[in-house]
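Novice: Sequence and computational prediction follow.
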Amino acid sequence: MMHIPVATYRLQFTPDFGFDAAALIAPYLADLGISDIYASPILTPRHGSQHGYDVVDAHAINPELGGLKRFESLLQFLKTKNIGWVQDIVPNHMAFNSQNQLLVDVLENGPDSPYHEFFDINWNHLYEGIRGRVLAPFLGKFYGECLESGELQLRYSEQGLAVHYYDFRFPIRIESYYRLLTYDLGRLRATLERNHPHFVKFLGVLYLLKYIPSGKEGRERYDQISFTKQMLWELWNGSSEVHAFIEENIRIFNGEAGKPESFDLLDSLLNEQFFRLSYWKVGNEELNYRRFFTINDLISLRIEDQKVFDFTHELILKLVAEEKISGLRIDHIDGLYDPAQYLHRLREQAPYVYLVVEKILEHGEQLPVNWPCQGTSGYDFLGIINGLFCQSAAEAEFTRLYHSFIGNTTSCEALIDCNKRMIVDKHLAGDIDNLAHLLKRISERYRYASDFTLYGLQVALIEIMVLFPIYRSYIGRSGASRVDQECIRQIIAQARINIPNFRNELAFIERFMRLDFDEHMAAEDKDQWLHFMMRLQQFTGPLMAKGVEDTVFYVYNRLLSLNEVGAGPLQFGIDLDEFHAFNQHRVGCWPHAMNASATHDTKRGEDVRARLNVLSEMPAEWERQLRQWHAINLERKTPIGERLAPETDDEYLLYQTLLGAYPFDLAEYPAFIERVKAYLIKAIREAKIHTNWLEPDSRYENALIAFAERVMEPGKDNPFLQAFLPFQRRIQHYGILNSLSQTLLKLTTPGLPDFYQGTELWDLSLVDPDNRRPVNFERRGALLQALQSRANDNILQLIAELLAAPEDGQIKLFLIFRALRARQTAADLFQHGAYQKLTVIGSLKSHVVAFARTLGEQQALVVVPRFPNSLVKDGEYPLGEAVWHETRVLPPVGSRLRWYDALSGQTVQGEEALWLREVFQHFPVALLINESGQG
């Protein structure tokens, strides 16, 4: 039977937080109500990795976390706490790194390596300079500069000869040893007599090097290489003469700075390797391997190859078969050549594993229902729940005030288009070039397409990719779904308008996208068409991620709570009907998908978004505050040429960031200032307007940081803080109410709640690395124990105290543990129960979200408020008759009269209606369980 988690808790494992640390917090997680740890990748990554997505060895558990032994010990302990394990795995890529022995073998042995086809490398690239070689774009300067400055150093060790560039080590192919070892051989002969055993042995090494087997004699080749390297190493250590000879040759090959001709030997040696070292920027234009997004040092795998799948999944599937891992989360499913094939293959080998995928769904997009998984890892839920607390009626006014403040009326749609084109031009040019050449080669086979130029095909391809409104389509051997066909129709229609001179090229590519094969087309040709389409689909996702998530989300700052993974600035809130429709679809198709509200990838913490959404309820007041703050801080800007820095859009970003992330505890304020400064640098570099990661503009960056320091300077003498803090505290209070509502919805809607580490208290983090700071679990454990003890004593007094002092986050922790207790007690109800929208009657019905979960006689009613700014005054809670008056919820027909509130512990009566003045008498959100369903 498949183990379906009740609730998951995401842990970010690092060398500083390994398996033993997880064991220490397991009792706390069990007490909280967590059923499964949801772990970041644990297969061996690069040394010191802080995230684990840069795997170098898929056959070993990360030794820096404790290795297999400590992992199994942890699992045994977790079993005593009834806690399972959901594992995040990375099938798309590995690290391009000398610790990656599979890749090192490829770099050293080329086509003779058994792993030659493991990585997604185009060995037959059009450009001769990288044909048959892997581009290695890691040099900080042009290759010639690095070579002639002596930064490329040939070295010898027990592993063999390699060229080093700082931390990079690139192995020299065995056939090239002969060139180095025979250079000026007479010098060694003059030192050692011809019959000297060391010289004889050295000649033996040279003989073996001259006749290294290749091709089908793979095992013999590797045996001979190993034997030859061992002999050479013994000579290096056992013969001072041979040692000195090799060392001198290495010195000669390494050249002498200031003498360009002295580097000819090393240059010639490097030209015969299976890798080509290059300036890192070359990777954006002449790349011959697929990367993870635009990251050169993450090289993609051909996971569609059964051999590659089996090899890289061997350990993970073994742990699943041994029931040590009960769930898998698939990272970046959209990067795979054939996601559906991958999932079916995985499901065949792990039929009962709980399986979710990391998939970014755009607004209105649905996960393919034929995928054999339990759903997504929760970004779609995050977008929906976030939009529910954004007042969509204020969009026009909010847009006007934003454009007015920054002095720019460019629409978000225009910015998306512009920045996707910029990413294509600056970061994906090599990938697009490869696609265009593939298409050109195919087109030459058909007389109706033989006149298409490479340029024309490239222009059409770029237009199509830029216009893609979603991360990718899923066209494969089974054809294109109706959804994908409609998407293609819309893209091509718009592309014809945008580039009318390339209609023929667009029509040709459209046939590929629809798999509209010629009549009597050979199977080989059909495979080529399909291959092109599969490749195209692998690159629309990176373009969307880099162009929108990692650029526009930092450029279009209208309301930052919307600039989030799984959401987006184009969708300014949703209405209640859409929220209920989303949940109805989930309960019918994906009842066990994850409900996430924060992840390691989110741009800001869930409670930062909860605060910022309050602004959507008060656009006029927000604008007044902006104007006042701008006037106060104008003199704090720095002149740069004819402009003042920072410019108004970055100023606007700063004010929202301060509102959303301002700490409750003033003792955290000094650290908060440093966190904000680090965030601002990342934000403006990602925006790529005034500065960027590749060529930082220190003048602008320094001006922004100086401005932020002056704005945030503590003390009563700071006029900005005096004007800012009253408004911030008001937003903070309403943000608390939003947070409590969204937390209960996460816990009770279809799907299972996932908690990112530490977010059971207020989550005021910013984008990574800020959201990956260490979590104080000891404090959380102590707070939980005290809350549980006091809840059993006098729960109403406890609630009153928590509401009176919400700053420490205990009110959120209280809500989570009470709701998780109810969820565990009625696990079947929440995992399998139906979903029903409830009718709300009364003048405040637009402020109420209400639904029922039903399974047989078991029922749970969930009622939460939203848009608190117009419900209650600053500092007040939406409790009792003074707030709710006649507003009421109609329970499902045939419900029982008495309901138990799992949060407050009180009983609520309701025959024909549940009056919100009673439902919200003690606590601002309610989880009502019918008494027959109460445990």
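Specialist: Received the coordinates, thanks.

Novice: need the strands for the stretch 201-350 of the chain, in chain order.
Specialist: Secondary structure of the stretch 201-350 of the chain (DSSP state E, counting those that start in this stretch): strands located at 275-279, 291-292, 295-300, 327-330.

Novice: Return the distance of the spatially most central residue of the chain relative to residue 382.
Specialist: Within the chain, one residue has its C-alpha closest to the average C-alpha position: by C-alpha atoms, centre = their mean, that is residue 601, at 4.6 Å. Plainly put, residue 601 is 10 Å away from residue 382 if you go by C-beta to C-beta, to the nearest Å. For glycine as for every other residue, the C-beta is placed from the backbone atoms N, C-alpha and C.

Novice: Common neighbours of those two, please.
Specialist: Jointly contacting residue 601 and residue 382 under the rule C-beta atoms under 8 Å, 6 or more residues apart in numbering are residue 565.

Novice: Could you list the domains of the protein?
Specialist: 8-92+303-358, 101-292, 397-472+479-536, 776-933 (automatic domain parsing).

Novice: now the residue nearest to the centre of the chain: how far from residue 144?
Specialist: For residue 601, the distance to residue 144 equals 39 Å [C-beta to C-beta].

Novice: Would you check that residue 205 makes contact with residue 235?
Specialist: Yes: in this structure, residue 205 sits in contact with residue 235. The criterion is C-beta atoms under 8 Å, and the distance is 7.1 Å.

Novice: ok, back up a step: how about the residue nearest to the centre of the chain, what does it touch?
Specialist: Residues touching residue 601, when contacts are defined by C-beta under 8 Å, 6+ apart, comprise 565, 768.

Novice: on that earlier part again, which of the strands of the stretch 201-350 of the chain sits most buried?
Specialist: strand 327-330 (a mean of 25; mean count of other C-beta atoms under 10 Å).

Novice: list the helices and strands that strand packs on?
Specialist: With contacts defined as 3 or more C-beta pairs under 8 Å, 6 or more residues apart in numbering; DSSP states H and E, the packing partners of strand 327-330 are strand 36-39, strand 84-89, helix 339-349, strand 354-357.

Novice: now that strand: how far from the chain's centre is it?
Specialist: With C-alpha atoms, centre = their mean, to the nearest Å as the basis, the distance from the averaged C-alpha position of strand 327-330 to the chain average is 14 Å.

Novice: residues making contact with it?
Specialist: Under the criterion C-beta under 8 Å, 6+ apart, residues 3, 5, 8, 36, 38, 84-89, 91, 316, 320, 342-343, 346, 350, 353-358, 373, 377 lie in contact with strand 327-330.

Novice: Which of the residues you listed are buried, as a ChimeraX select command?
Specialist: Of those, the buried ones go into a single ChimeraX selection, burial set by 16 or more other C-beta atoms under 10 Å:
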select :5,8,36,38,84,85,86,87,88,89,91,316,320,342,343,346,350,353,354,355,356,357,358,373,377
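
Novice: Stretch 670-684 - what's its average pLDDT?
Specialist: Throughout stretch 670-684, pLDDT has a mean value of 98.

Novice: With just CA atoms, put it into PDB.
Specialist: This file holds the C-alpha atoms of stretch 670-684, laid out as PDB (Å, rounded to 0.1, in the frame of the first residue of the first chain):
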ATOM      1  CA  PRO A 670      20.700  45.200  13.300                       C
ATOM      2  CA  ALA A 671      20.800  41.800  11.500                       C
ATOM      3  CA  PHE A 672      17.700  42.800   9.600                       C
ATOM      4  CA  ILE A 673      19.500  45.800   8.100                       C
ATOM      5  CA  GLU A 674      22.300  43.600   6.800                       C
ATOM      6  CA  ARG A 675      19.800  41.000   5.500                       C
ATOM      7  CA  VAL A 676      17.900  43.800   3.600                       C
ATOM      8  CA  LYS A 677      21.100  45.100   2.100                       C
ATOM      9  CA  ALA A 678      22.100  41.700   0.800                       C
ATOM     10  CA  TYR A 679      18.600  41.200  -0.600                       C
ATOM     11  CA  LEU A 680      18.700  44.500  -2.400                       C
ATOM     12  CA  ILE A 681      22.000  43.700  -4.200                       C
ATOM     13  CA  LYS A 682      20.600  40.400  -5.300                       C
ATOM     14  CA  ALA A 683      17.300  42.000  -6.400                       C
ATOM     15  CA  ILE A 684      18.800  44.700  -8.500                       C
END
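
Novice: What are the buried residues along that stretch?
Specialist: The neighbour-count check on stretch 670-684 (16+ other C-beta under 10 Å) flags 672-673, 675-677, 679-684 as buried.

Novice: ok, the residue nearest to residue 118 when sequence neighbours are not counted - how many residues close by?
Specialist: Computed as C-beta to C-beta, 6 or more residues apart in numbering, the closest residue to residue 118 that is not its neighbour in sequence is residue 308, at 5.2 Å. Residue 308: 19 surrounding residues under other C-beta atoms under 10 Å.

Novice: Can you give me the distance of residue 308 to residue 314?
Specialist: Looking at residue 308 against residue 314, where the rule is C-beta to C-beta, the gap reads 11 Å.

Novice: Over to residue 386?
Specialist: Noted for residue 386: a distance of 39 Å to residue 314, by C-beta to C-beta.

Novice: next one: residue 265
Specialist: 43 Å.

Novice: how far out from the middle of the chain is the helix or strand residue 673 falls within?
Specialist: In the assignment (DSSP states H and E), residue 673 maps to helix 669-687. In terms of C-alpha atoms, centre = their mean, the centre of helix 669-687 is set 20 Å apart from its chain centre.

Novice: For it, which helices and strands make contact with it?
Specialist: Contacting helix 669-687 under the criterion 3+ C-beta pairs under 8 Å, 6+ apart are the following elements: helix 648-661, helix 698-712.

Novice: Next, format those helices as TSV and append distance to residue 165 and mean neighbour count.
Specialist: Putting those into TSV (distance: least, C-beta to C-beta, whole Å; neighbours: other C-beta atoms under 10 Å) gives the following:
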stretch	distance to residue 165	mean neighbour count
helix 648-661	36	22
helix 698-712	26	18
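
Novice: This completes my enquiry, with thanks.
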